[in-house]
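In: Okay, structure incoming, though there's no sequence with it:
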């Protein structure tokens, strides 16, 4: 499994990178059979996020380090280096660009964009 990360470099510019998640077989809920688990990531809170079709946010940094887990719709982000990426249903994005210019974002689907947002500790 992969997820997308939007981060800020030392010059305040935002960039994208893909991260591969590694899984280890663990007895997570015995007596159920082992399952694949990634490393745990400490989180502070969770919220559901909804923006309407056509919504647009001009340049802004992320308010906190947070995962966006897309439930429905499609969301497009533009990094300050000019690269454009999008996330769709079932995809995950980690926003780490909490300083600098940040990013632009908009809903590009005809339906609302709905996500689970998990803010990190």
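Out: Structure's in. What do you need? Because the structure is predicted, anything quoted here is derived from the model rather than measured.

In: Within the helices and strands, which one has residue 77?
Out: Element membership for residue 77, per DSSP states H and E: strand 74-79.

In: which residues are contacting that strand?
Out: By Cβ atoms under 8 Å, 6 or more residues apart in numbering, the surrounding residues in contact with strand 74-79 are 6, 13-16, 51, 68, 84-89, 93, 97, 103-109, 113, 115. The C-beta positions use only the backbone N, C-alpha and C, and glycine is treated the same way.

In: Quick one: neighbours of residue 115, just the number.
Out: A total of 24 residues lie near residue 115 under the criterion other Cβ atoms under 10 Å.

In: Low-confidence regions, the protein specifically.
Out: Applying pLDDT under 70 to the chain flags no residue at all.

In: Pick out the residue nearest the middle of it.
Out: residue 93 (2.0 Å; Cα atoms, centre = their mean).

In: ok so, going back, show only the entries of the contacts of strand 74-79 found in strands.
Out: 6, 14-16, 51, 68, 84-88, 93, 103-107, 113, 115 (DSSP state E).

In: before we move on, the earlier item: look up how far residue 17 lies from the residue nearest to the centre of the chain.
Out: 11 Å (Cβ to Cβ, to the nearest Å).

In: joint contacts of those two?
Out: What both residue 93 and residue 17 touch, as defined by Cβ under 8 Å, 6+ apart, is the set 4, 5.

In: Tell me the buried residues within the contacts of strand 74-79.
Out: 6, 14-16, 51, 68, 85-87, 93, 97, 103-109, 113, 115 (16 or more other Cβ atoms under 10 Å).

In: didn't residue 5 look like it was pressed against residue 96?
Out: Yes - at 6.2 Å, residue 5 counts as touching residue 96 under the criterion of Cβ atoms under 8 Å.

In: Burial check on residue 73, number of neighbours?
Out: Residue 73 is flanked by 22 other residues according to other Cβ under 10 Å.

In: in the sheet, who's paired with the residue nearest to it when sequence neighbours are not counted?
Out: Spatial nearest neighbour of residue 73, excluding adjacent residues (Cβ to Cβ, 6 or more residues apart in numbering): residue 113 at 3.5 Å. Beta bridges link residue 113 to residue 51, judged by DSSP bridges.
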